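**Q** Pasting the sequence and the predicted model now:
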Amino acid sequence: MAERLHGLLARFPDADRLIAASRDLRECGLSRLDAYTPHPVAGLPEALGVRDRRVPLTALICAVLAGAGTLALQIYASLDYPFNVGGKPVVSWPAYMIVTFAMSMVGATLGALFSMLLLNGFPRPYHPLFNVAEFDAASRDGFFLCVEAADPRFDAERLNQRLKQHGAERVWEVPA
């Protein structure tokens with residue numbers, strides 16, 4: 001029985017070749033691409049076709065919910081336990097804005113943090129790329145591109161040649 005394949009992993013000497021290969025493969029119709037680099041690379045998300053807006057949207061929703069919840073709690077406390085301070089109204093919204101703003105920021109921060117972690121697949125103690133011994137260089141000095149076998153246009157032989165044409169130093173078949 002043939003071993004299942006997770007995909008192809010290619011190592012590039014620099015970020016420019018990685019971006020060029022990513023852009024070319026996206027233009028060929030491949031969509032299951034992922035890049036691994038030791039530092040952020042400008043232009044790489046666009047080359048990979050990443051246009052995910054879920055983290056900012058989640059942060060906005062969490063900020064609104066946290067702010068509304070905080071404001072509601074303060075209004076409830078003022079109505080249920082009225083306290084007359086200098087003849088001001090019982091519900092005096094300007095006094096609530098500092099705490100409401102602070103809790104909105106806390107909500108946005110926590111929403112962004114947890115949605116980013118979940119969307120990145122954390123916690124994930126194992127990934128098939130860990131089967132390639134040289135992949136540990138991705139956190140030091142390596143620029144890697146993985147093309148997953150789940151892509152409908154995946155053809156290992158053709159992609160291997162195409163990656164080498166873009167300057168890949170080495171290409172590995174990654175077992176699943």
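**A** Perfect, I can see it now.
**Q** And the residue nearest the centre of the chain, how far from G107?
**A** By Cα atoms, centre = their mean, the chain has its centre lying nearest to N120, at 4.9 Å. Using Cβ to Cβ, to the nearest Å, one gets 20 Å for the distance from N120 to G107. Yep, even glycine has a C-beta here, placed from its N, CA and C like the rest.
**Q** same thing with A10?
**A** For A10 relative to G107 (Cβ to Cβ), the value is 41 Å.
**Q** For these two, indicate the residue with more neighbours.
**A** Counted by other Cβ atoms under 10 Å, A10 and G107 do not tie: A10 has more neighbours, with 26 against 22.
**Q** how about the helices in the protein?
**A** With helices called from DSSP state H, the chain shows them at 15-27, 44-48, 54-80, 97-119, 156-165.
**Q** Go through those and pick out the most buried.
**A** Highest mean neighbour count among the helices of the chain (mean count of other Cβ atoms under 10 Å): helix 15-27, with a mean of 19.
**Q** outside of that one, which residues touch it?
**A** 10, 12, 33, 35, 37, 41, 43-44, 47-49, 143-145, 147, 159, 162-163, 166-168 (Cβ atoms under 8 Å, 6 or more residues apart in numbering).
**Q** 10 Å instead, please
**A** 10-12, 30-49, 142-145, 147, 151, 153, 159, 162-169 (Cβ atoms under 10 Å, 6 or more residues apart in numbering).
**Q** Tell me the buried residues within these.
**A** 10-12, 30, 33, 35-37, 41, 44, 47-48, 142-145, 147, 151, 159, 162-163, 166, 168 (16 or more other Cβ atoms under 10 Å).
**Q** Could you chop the protein up by domain?
**A** Domain assignment for the chain by automatic domain parsing gives 5-51+126-175, 54-119.
**Q** Dump these into a markdown table; add mean pLDDT as well.
**A** Below are the domains of the chain laid out as a markdown table (pLDDT from 0 to 100):
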| stretch | mean pLDDT |
| --- | --- |
| domain 5-51+126-175 | 93 |
| domain 54-119 | 94 |
